[in-house]
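1. got a structure for you, letters missing:
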């Protein structure tokens, strides 16, 4: 209840001119699992429900796309990861399906034949690299259980694949967390669980060397490693996740390599070093000026780093809940977005930029009571005379009540009563649409 009230207050409060801030974009209406940005500054968000969302106007509006992902059946396929090449071609790792490619900013998707059968319970990870000469390379990891870890590689943009051996990885491995291609060389990286380490190959998988321990680099052999990234200088970054027995720090943290994975350093200056065990780094992104943004799965982030992680500050103002997030991206125009766990995407506002940062709104909504039981009262305000459609969506973005329409003029609030007695208790999204722009708020039905 306290979190929901805070979210409503944040949505209508003014921006402090003295501090950095996060402001809700009121979308997308489904939970976010991953985020990427392209050369146009667009942001593409994956969800657990066979769908991606895209904003082309800094979060003012969101478009939903599922052509090629949704098979029309009752199953939902989580979009677990999206990689974008320098020509803005998107490659989505979709659990239970495989890897899909989009050449039109996510509007439509084509499933790639990776060369092996993808089971319905398979977890997929993908990374891409476009060399100066040649086509995009695509590295795919498939985790279908401890006895069925596979990796496939393409050097023609995903049109054909060859197998990458994983036989040198630990036999007890029970999960393939992520795959990664070095921007500097032909080296391949994989992180495996549980407590099995970070590995590198220089010969397309014939030999894998463990590089997180045993060579004096970290000396924490039981740590988990996940979430690869690289900056414009070719430095590598890996999310090192926190376990109860971790020696260096008891919170998740980022490690950095300036020599293509030969040695690693911990980025701890300004980091939140509280004991937040079993925490993970969920995303790493870089702005155009050396800014580094890091999201965590538990309550210690998000973080803003300077000079590629030289020092950090925690930036949580405006984020409801504990600051945990499933994704973070910085666009080429230095617009920064995070996906708070279970909430709408937020955009970072920094008055120091000297730019008007308020996101325009067409319609404001208020909800009472919240949590609700058999009825929700919605108050609606607009900037200009508008017809407003109000409805309710479930976590999959599906409409659960018929839309109600009202006409609203500026300077007055219209009140709409929604009957919720016939829908199950749970978390829903209230959506109000005016002039083609949607505003969304979280509402809880509890009995």
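-> Cool, got the structure. The shown structure was predicted, so the numbers you read here are calculated from the model rather than taken from an experiment. Numbering: from 1, shown residues only.
2. remind me which residues of the stretch 251-400 of the chain are low pLDDT?
-> Where the stretch 251-400 of the chain drops to pLDDT under 70, the residues are 350-363.
3. same check on the stretch 51-200 of the chain?
-> In the stretch 51-200 of the chain (pLDDT under 70), the answer is 146-147, 170-174, 194-196.
4. the strands in it, which residues?
-> 52-55, 63-65, 79-84, 90-94, 98-102, 110-111, 123-129, 137-143, 149-154, 162-163, 175-181, 188-193, 197-201 (DSSP state E, counting those that start in this stretch).
5. from the chain's centre, how far out does the last one sit?
-> If I follow you right, that is strand 197-201. 24 Å (C-alpha atoms, centre = their mean, to the nearest Å).
6. now do that strand and strand 175-181, the angle between them.
-> 40 degrees (axes from the mean of the first three to the mean of the last three C-alpha atoms, to 10 degrees).
7. and the fourth one, by the same measure?
-> Regarding strand 90-94 and strand 175-181, their directions subtend 170 degrees when assessed with the same axes, to 10 degrees.
8. partner strands of strand 90-94, parallel or antiparallel?
-> Partners of strand 90-94 in the sheet, by DSSP bridges, are strand 79-84 (antiparallel), strand 98-102 (antiparallel).
9. can you check the second one too?
-> Applying DSSP bridges, strand 63-65 is found paired with strand 52-55 (antiparallel).
10. so for residue 58, what's the nearest residue that isn't a sequence neighbour?
-> Once flanking residues are discounted, residue 58 sits nearest to residue 335: 5.5 Å by C-beta to C-beta, 6 or more residues apart in numbering. C-betas here are computed from N, CA, C, even on glycine.
11. okay, now the one you found: neighbour count?
-> For residue 335, the neighbour count with other C-beta atoms under 10 Å is 21.
12. and if you look at residue 105?
-> So residue 105, with other C-beta under 10 Å, has 19 neighbours.
13. residues contacting it?
-> 38, 40, 42, 44, 54, 56, 88, 90 (C-beta atoms under 8 Å, 6 or more residues apart in numbering).
14. measure it to residue 65 for me?
-> According to C-beta to C-beta, to the nearest Å, residue 105 stands 9 Å off from residue 65.
15. overlap in contacts, these two.
-> With C-beta under 8 Å, 6+ apart as the test, residue 105 and residue 65 both reach residue 54.
16. re the thing from before, mean neighbour count and distance to residue 248 added to the strands of the stretch 51-200 of the chain, as JSON lines?
-> As requested, the strands of the stretch 51-200 of the chain are arranged in JSON lines below (neighbours: other C-beta atoms under 10 Å; distance: least, C-beta to C-beta, whole Å):
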{"stretch": "strand 52-55", "mean neighbour count": "24", "distance to residue 248": "37"}
{"stretch": "strand 63-65", "mean neighbour count": "17", "distance to residue 248": "42"}
{"stretch": "strand 79-84", "mean neighbour count": "23", "distance to residue 248": "27"}
{"stretch": "strand 90-94", "mean neighbour count": "26", "distance to residue 248": "30"}
{"stretch": "strand 98-102", "mean neighbour count": "24", "distance to residue 248": "35"}
{"stretch": "strand 110-111", "mean neighbour count": "14", "distance to residue 248": "42"}
{"stretch": "strand 123-129", "mean neighbour count": "23", "distance to residue 248": "26"}
{"stretch": "strand 137-143", "mean neighbour count": "25", "distance to residue 248": "27"}
{"stretch": "strand 149-154", "mean neighbour count": "22", "distance to residue 248": "28"}
{"stretch": "strand 162-163", "mean neighbour count": "13", "distance to residue 248": "36"}
{"stretch": "strand 175-181", "mean neighbour count": "22", "distance to residue 248": "20"}
{"stretch": "strand 188-193", "mean neighbour count": "24", "distance to residue 248": "17"}
{"stretch": "strand 197-201", "mean neighbour count": "23", "distance to residue 248": "15"}
